[in-house]
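>>> have a look; sequence and predicted model below, questions after that.
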Amino acid sequence: MVKIHAHNHSYSHDKLTGRNLLFSILLNIAITAAQVAGGLISGSLSLLSDALHNFSDVLSLIVSFFANRLAKRKASIKRTFGFKRAEIMAAFINAISLVIIAFILVFEAIERLLNPQEISARVVIILSVVAIFGNGLSVLLLRRDSKVNMNMRSAYLHLVTDLMASFAVLIGGLLMKFYKLFWVDSLLTFVIAIYLIIVGYDLLKKSFKVLMLYTPDTIELKEIVRIINALPKVKSIHHIHVWQLNEDETHLEAHVDFDSDILVSEFGETLSTIENILYKEFKINHVTLQPEYGNKDSKDIIVQD
C-alpha cells in the first residue's frame with residue numbers, strides 16, 4: 001500500500017523565549033527565601049504555605065525552562081520526533097506537583113485551625129507585598145507565551161495562583177494586625193489549597209489526554225468522516241487515528257477506500273484537498289493517508305490495532 005504524508009505548520013517554538021522564564025526563576029528563588037525566613041520569624045502558616053507554593057513555582061519553572069530548551073532540539077535518527085513532547089511532560093509534572101502541594105496545605109491548615117497561634121502580622125504584610133510585586137512581574141513576563149503553549153501555561157498558572165495567594169496573605173495580615181483574627185491565616189491557607197487542587201487537576205487532565213493520545217476535544221471524528229466521504233471518488237475513510245504530538249501539531253492517519261482504481265497522481269490531488277479541509281476546518285496539520293481499492297479490511301471508523 002502507498003502511504004502519503006502531508007503537513008502544515010502554524011506555530012514555531014522559536015517564537016518562545018527562555019529569557020523571561022529564566023528571570024522568573026531567579027525572582028521566585030529570592031521570594032521563596034524571603035518568605036521562608038519571614039514565615040519562621042512570624043509564625044505564619046499562610047506565609048510558609050505561600051513560600052512552599054513559591055518553591056513549587058521555582059521547580060516548575062526550572063522544569064519548564066529545560067523542557068522549552070529540549071523542545072527546540074532537532075529530530076534525529078533515534079528521535080524522529082525530537083523532544084517535541086518534553087513540554088507536555090513538563091506540564092504533566094507541574095500539575096501533579098500543584099495537586100500534591102495543595103493536599104499538604106489542606107492538612108496543615110486544618111491542624112492549625114484546631115491549634116491557632118499568635119502571628120507577627122507586620123512581617124506577613126511586608127513579605128506579602130514583596131511577593132505580590134515579584135509574582136506580578138513574573139506573570140506579565142510569561143503572559144504572552146502562556147496563550148499558545150501548555151508548558152508555559154503550566155508555569156504561568158503556578159505564578160498566577162501564587163500571586164492570588166500573596167494577595168490573600170496580605171489581606172490576612174491586615175486582618176490579624178488590626179482585628180487580631182489569627183484564625184484567618186489558616187482559613188486563607190485552606191482556600192488557597194482548594195483553588196490549587198482545582199487548577200492543578202484541570203491542567204493534569206489536559207496534559208494526560210495529550211500524553212495518552214486522546215482525540216482532541218475540539219475535533220469531531222464523525223464530522224470529518226461525513227465531509228471526506230462526500231468528496232468525489234472517495235468511497236469511505238476509516239481506521240482513523242487523531243492525536244496531538246504537542247500543542248503545535250495535531251496528526252491524523254487513516255485509510256481511504258476509493259470507488260475505482262485511480263492513479264497515484266489522482267490520489268495526490270485528493271490528498272491535497274483532504275489536507276486543506278482538515279487544516280482549515282479542524283486545525284489538523286499532519287496528515288498520513290493509506291489509499292485502498294477493493295480491500296477486505298474493516299471499514300469501521302475506529303479499528304483496534
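Everything's here; your move.
>>> check contacts around the residue nearest to Ser24 when sequence neighbours are not counted.
Leaving out its chain neighbours, the residue that sits closest to Ser24 by Cβ to Cβ, 6 or more residues apart in numbering is Ser138, at 4.0 Å. C-beta coordinates here come from the backbone N, C-alpha and C atoms, glycine included. Taking Cβ atoms under 8 Å, 6 or more residues apart in numbering as the contact definition, Ser138 lies against Phe23, Ser24, Leu27, Asn28, Leu159.
>>> buried ones among these?
Using 16 or more other Cβ atoms under 10 Å as the burial test, these include Ser24, Leu27, Asn28, Leu159 as buried.
>>> how far away is Tyr195 from Leu188?
Relative to Leu188, Tyr195 is positioned 11 Å away (Cβ to Cβ, to the nearest Å).
>>> doesn't Leu47 make contact with Leu40?
No: counting by Cβ atoms under 8 Å, Leu40 sits too far from Leu47 to count as a contact (9.0 Å).
>>> give me the more crowded residue out of the two.
Applying other Cβ atoms under 10 Å to Leu40 and Leu47 shows that Leu47 carries more neighbours, namely 34 against 13.
>>> how far away is the more buried one from Val58?
For Leu47, the distance to Val58 equals 16 Å [Cβ to Cβ].
>>> any idea which element Arg153 lies in?
Assigning secondary structure by DSSP states H and E places Arg153 in helix 150-179.
>>> can you tell me the closest non-neighbouring residue to Leu52?
Across the structure, with Cβ to Cβ, 6+ apart as the measure, the residue nearest Leu52 apart from its sequence neighbours is Ile101 (6.2 Å).
>>> please read the previous query as pertaining to Val99.
Looking at Val99 with Cβ to Cβ, 6+ apart, the closest residue is Gly200, at 4.1 Å.
>>> wasn't Asp248 part of a strand?
No: assigned with DSSP: H, G, I helix; E, B strand; the rest coil, Asp248 falls outside any strand and is coil.
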